[in-house]
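**Q** generate coordinates for the sequence data below:
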Amino acid sequence: MVDVELEEGVARIFLNRPEKVNALTSELLVSLRETLEKLKGEKALHVAVLAGRGKAFCGGADINELRALTAGNAGAFVEKIHLACKAIRELPAPVVASLHGAVIGGGLEIAAACDLRAAAEGTRFAMPEVKLAIPSVVEAALLPRLMGGGRAAWLVLTGATIDAHKALQWGLIEELGSVEPLVQQLLACDREALQAQKRLLQLWEEAPLATSIPRSIEAFAKAHVK
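**A** Okay, here's the model as predicted:
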């Protein structure tokens, strides 16, 4: 369901259901979470790249899994999406999403949980849950932080698709084209400083300035301890 290639400080993680456009099942989501948790033990890990095998990054939740959801089990399924996203955010190294083809629904939530995103020409993005009579939830909450409230609202309220150029314009992705130049830029940076910066970025997302600034000063001082 998920496979990993490790080489010279880079972990390349692949969603691996190409015959189903990497649609998210419970099994795949658990596999992704467990893979990321194992990577926490890789002391030399500098950067991780999350991609999808085949013609798309992720086509969203598996249709058969969606059809089986009830009021009693639906929460448990979306919690698995959240736990996979949480594992991405808790990996000490920065995680870069390498996107292509389709990035839909839960797949877009997983991409949003990454630290940076690069998308190939022709990539399509959508949060179509409202068209399926359900709201977008869990890490869809990251979208306003990436795109701004109005653009995130447009995406989740209309369920419409945008292309990679608009995704770049709207701040949903940071690069249009190959992920490799971005990976090389990260590899050129100090590994421990990158990890500290990732922690601070997540703090800045949620904490008030009165907390963020003192914690940032502490991190700066700690970087000078040899």
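**Q** can you report how many residues neighbour Ser178?
**A** Neighbouring residues of Ser178 were enumerated by other Cβ atoms under 10 Å; the total is 11. No exception for glycine: its C-beta is placed from N, CA and C like everyone else's.
**Q** excluding its backbone neighbours, what's nearest it?
**A** Here the nearest residue to Ser178 in space, its sequence neighbours aside, is Ala118; by Cβ to Cβ, 6 or more residues apart in numbering that works out to 6.8 Å.
**Q** for His100, see how far away the one you found is.
**A** Ala118 sits 9 Å away from His100 when distances are taken as Cβ to Cβ, to the nearest Å.
**Q** mind checking which of those two has more residues around it?
**A** Set side by side, Ala118 and His100 give different neighbour counts by other Cβ under 10 Å, the larger being at Ala118 (26 against 20).
**Q** let's verify the residue nearest to Gly101 when sequence neighbours are not counted: helix, strand, or coil?
**A** Nearest in space to Gly101, with sequence neighbours left out and distances taken as Cβ to Cβ, 6+ apart, is Ala56 at 3.1 Å. Ala56 falls in the coil class when you classify it by DSSP: H, G, I helix; E, B strand; the rest coil.
**Q** kindly state the beta-bridge partners for Gly52.
**A** Partner residues in beta bridges with Gly52: Leu15, with DSSP bridges as the criterion.
**Q** I'd guessed it sits against Lys20; true?
**A** No. Gly52 is not in contact with Lys20 according to Cβ atoms under 8 Å; the separation is 10.8 Å.
**Q** between these two, which one's more packed in?
**A** Each of Gly52 and Lys20 has its neighbours counted (other Cβ under 10 Å); Gly52 has more, 26 against 16.
**Q** contacting residues around the more buried one?
**A** Under the criterion of Cβ atoms under 8 Å, 6 or more residues apart in numbering, the contact list for Gly52 reads 14-16, 18, 21-22, 58, 100-101, 107.
**Q** quick one: low-confidence parts of this structure?
**A** Within the chain, the ranges that satisfy pLDDT under 70 run 226.
**Q** the same query, at a cut-off of 90, please.
**A** Counting by pLDDT under 90, the chain shows low-confidence ranges at 1, 225-226.
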